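Undergrad: sequence first, then the predicted structure, then my questions.
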Amino acid sequence: MGKYITMAPPVTIWWRCLVGLFFLWLYCTWTDISLKVNLKQDGKQYLISSTLLILHWVTYFYSLHLSSVAIAFITLYTYPAMTTILEPIFLKLKFEKLHLVLGAIVIVGIAIMSPTIDLSDGNFKGVVFGLFSAFCFAMRNIYSRDLALGHNGSHLILIQLIIGAILLLPVVFIFENNNVFLQWEAVVFLGIITTAAGHTLFVRSFKHFSITTASLLGSIIPIYGILLAYFFLGEVPETTTIIGGTIILSTVIFESLRVSRTN
């Protein structure tokens, strides 16, 4: 969707927030999920996590527009490895050597999957935006941890989308956004499936896993991307992609089994 939609990334993300928050509001209202917010207690965390989420989305879409889907995907999914370092620092948790090892293995898999990048090439910008997007996503998940433990996942994402839509409102008057009427199906899909549903489920997982574990499990997403590209776009993955993907998938399966046995 990020590659297909031709609007400027900030405008696309504003519409994504708008569509996502509308359907999440309907869902919360229908299921009687409380929408009360304690701004005095949680306001700072909401603002920081929402800002990080918006920065993550906007920079990731810029990465998609500036480079290839492969580069954007691969650089974004360095965030689990970043999380293994950042989570203990910001949440004052004990470093788990196993998580560091798993994070390193994921980096190896991503490195194998990565195309050769010439730093003088235009794709370098895509790499920079992708890595910054990964950092913002890792930090957003960390700042959402305490909120996720005390609030319903749909409620949390709804508030973050409302704040995000407010923060991005000026871009509507800066960039052209008439294409939304030509690509409304993609924008609606982006808002409902990948935003309202996907991020709600991801945040809910924080109640059961550490941020690091949830992030490592999320590393399977590039594998989904490769499979979808094969079936819908006819893109056959290269040998290095298969090898790197196998390493990442093996790490995810191992962590999933380990956590399930622990619980």
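TA: Looks like it arrived, so ask away. Numbers count the residues shown, from 1 in each chain.
Undergrad: low-scoring stretches of the stretch 1-150 of the chain, by residue?
TA: 114-122 (pLDDT under 70).
Undergrad: most centrally placed residue in this structure?
TA: residue 137 (5.8 Å; C-alpha atoms, centre = their mean).
Undergrad: which strands or helices does the helix or strand residue 41 falls within pack on?
TA: Following DSSP states H and E, one finds residue 41 within helix 39-66. Packing partners of helix 39-66 (3 or more C-beta pairs under 8 Å, 6 or more residues apart in numbering; DSSP states H and E): helix 9-30, helix 69-76, helix 123-150, helix 153-168. Placement of C-beta: from N, CA and C, glycine included.
Undergrad: show me the contacts for the residue nearest to the centre of the chain.
TA: Going by C-beta atoms under 8 Å, 6 or more residues apart in numbering, residue 137 touches 52, 53, 56, 60, 76, 79.
Undergrad: let's go with 6 Å and repeat that
TA: By C-beta atoms under 6 Å, 6 or more residues apart in numbering, residue 137 lies in contact with 56, 79.
Undergrad: cool, residue 83 as well?
TA: 138, 211, 212, 215.
Undergrad: out of these, which two sit at the greatest distance?
TA: 138 and 212 (9.5 Å; C-beta to C-beta).
Undergrad: more neighbours, these two?
TA: More crowded of residue 138 and residue 212, by other C-beta atoms under 10 Å: residue 212, with 29 against 26.
Undergrad: that one and residue 99 touch, don't they?
TA: Yes. Taking contacts as C-beta atoms under 6 Å, residue 212 lies within contact range of residue 99: 4.9 Å.
Undergrad: need the overlap of contacts for those two.
TA: Overlap between the neighbourhoods of residue 212 and residue 99 consists of residue 84, taking contacts as C-beta under 6 Å, 6+ apart.
Undergrad: mind putting the contacts of residue 83 in JSON lines, secondary structure and distance to residue 69 included?
TA: Shown next, in JSON lines, are the contacts of residue 83 (DSSP: H, G, I helix; E, B strand; the rest coil; distance: C-beta to C-beta, whole Å):
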{"residue": "138", "secondary structure": "helix", "distance to residue 69": "21"}
{"residue": "211", "secondary structure": "helix", "distance to residue 69": "26"}
{"residue": "212", "secondary structure": "helix", "distance to residue 69": "26"}
{"residue": "215", "secondary structure": "helix", "distance to residue 69": "21"}
